[in-house]
Structures are given as C-alpha cells and as structure tokens.
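>>> Sequence plus the predicted model coming up.
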Amino acid sequence: DTEVTQTPKHLVMGMTNKKSLKCEQHMGHRAMYWYKQKAKKPPELMFVYSYEKLSINESVPSRFSPECPNSSLLNLHLHALQPEDSALYLCASSHTGVGYEQYFGPGTRLTVT
Amino acid sequence: AQSVTQLGSHVSVSEGALVLLRCNYSSSVPPYLFWYVQYPNQGLQLLLKYTSAATLVKGINGFEAEFKKSETSFHLTKPSAHMSDAAEYFCAVTPWGGSQGNLIFGKGTKLSVKP
C-alpha cells in the first residue's frame, strides 16, 4: 500500500476560523512533510517531521501549526489565515534518510475568504 | 546551491508522438533525481527515480528517463503519447549528502496531448 490519505478534500474558511488538515499513511514511513502549492507552481516545503519530531520549519508563519501525534498521522492546524494562504496543501511521507522518494497525498484545496 | 531547470513550461504533442520533457540539474556531483506527475486537482505521483544503479530508468505508464552525467541531464521520454498523459510534470532532485526532506523541484512542464 503506497497511499497517503488527506482530509478534507476541500475546505473553505474565514479569516477568524480555526480548522485542521489531516494526513495519514500506513507505509511505515517515519518522515512526513507538509507542502503548499499555488496554482501553476511547484510545491513549496513547509514542515518536515522525522520520528515524530519537527526537524524543519521553512520559516512558516505561526498561523500554521503542525502536529505529529504518532508515526502514521500528521495534522496541520490553521488559525487566522489570510486570503493569500489559499492553496493546495499536500502531505507526503518517506523513509528517513537522504534520497528516498516521497509519496504524496491528493491534497486539501483550501480557500480563505 | 543545487537547482533544477525544466526547459519549456508547456509542451504540446500529438497523440502517438514521442514525448520528451527536459530536465537539467546544476551540481557537479550527481544528485538523486526524480520525476513526478500531477494530474489536475490531484497530488503528485512518482513516475521514476534515479539512484545511480542504472543510467536508463524505467518508470510507470511507459515513461523512462536517461541520466547523462556529461550533460547534467535527466530527460523524461515516452515513445507514444496518450491522451491520458496530459498533466503537469515535475523534475526534482535531492542533493547527494543533502538533508532529510530536501527535495528541490523544477518549475514544471505542462504536457498537452492533441488528438
């Protein structure tokens, strides 16, 4: 099974709302990632978790708060977002170490109104 | 710093024609190389990867890529395009000795297939 699942598929939220994105994988991967992708652009790395600990934060604003409750789950908590945060949010996972391929989920299409 | 260049933001081919999508990397030490495909409103799917075992790498859906160190290239090809190949294609690299999660993407090439 090489599947990464993400929920919800679509999310519309106001600038004062609090919402969460969820990601799950059962491939035994111990590295998990959040990416943001704007239209017609490649994905931009936001966060990396390795063995359930945050290892990379690419200077992401604090209105995005990641969480890795266990080795299979990854959450992204959203609060007080701006309209420019509207994008496709992708979760990915891989084995730890350099050079392993990342497996991506289908993404959550987020619209901030 | 490592970079990836995909020549041509948009490539259009006829159904049944050869597909050639170009990718060049910048480092003198060959990195790990990947091709991903993204269909509209979907996530990225791994097509193939190069990890130094063989210079010609076969992937899914009939795609293959050839690593050429002398040209610092990793171009993606498919002998005969199908309508279902229409998508965005990303070349990506992880530098040798890079850090966890350091996947550097090219800007992408949109492939259109004409009937």
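Cool, got the structure. Numbering: from 1, shown residues only, chains lettered A, B, ... in the order given.
>>> buried ones in stretch A:55-74?
Along stretch A:55-74, the positions that meet the burial threshold by neighbour count (16 or more other Cβ atoms under 10 Å in any protein chain shown) are A:I56, A:V60, A:F64, A:P66, A:C68, A:S71, A:S72, A:L74. Heads up, the C-betas are built off the backbone N, CA and C, glycines and all.
>>> May I see those organised as TSV, with pLDDT, distance to A:Y89 and secondary structure added?
Below are these laid out as TSV (pLDDT from 0 to 100; distance: Cβ to Cβ, whole Å; DSSP: H, G, I helix; E, B strand; the rest coil):
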residue	pLDDT	distance to A:Y89	secondary structure
A:I56	88	16	strand
A:V60	95	11	coil
A:F64	97	9	strand
A:P66	98	11	strand
A:C68	97	15	strand
A:S71	91	20	coil
A:S72	96	18	coil
A:L74	98	11	strand
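>>> quick one: low-confidence ranges for chain A?
Chain A contains residues with pLDDT under 70 at A:1-2.
>>> secondary structure class for the spatially most central residue of it?
The residue lying closest to the centre of chain A (Cα atoms, centre = their mean) is A:W34, at 3.0 Å. Put simply, A:W34 is strand when judged by DSSP: H, G, I helix; E, B strand; the rest coil.
>>> for A:C91, same thing?
Secondary structure for A:C91, judged by three-state DSSP, is strand.
>>> Quick check: the closest residue to it other than its chain neighbours vs chain B, distance?
Among residues not flanking A:C91 along the chain, A:C23 sits closest, at 3.4 Å (Cβ to Cβ, 6 or more residues apart in numbering or on different chains). Plainly put, A:C23 is 11 Å away from chain B if you go by Cβ to the nearest Cβ, to the nearest Å.
>>> Could I get the contacting residues of A:C23?
For A:C23, the contact set (Cβ atoms under 8 Å, 6 or more residues apart in numbering or on different chains) comprises A:V4, A:T5, A:Q6, A:M32, A:W34, A:L73, A:L74, A:N75, A:L76, A:C91, A:G105.
>>> Great, nothing more from me.
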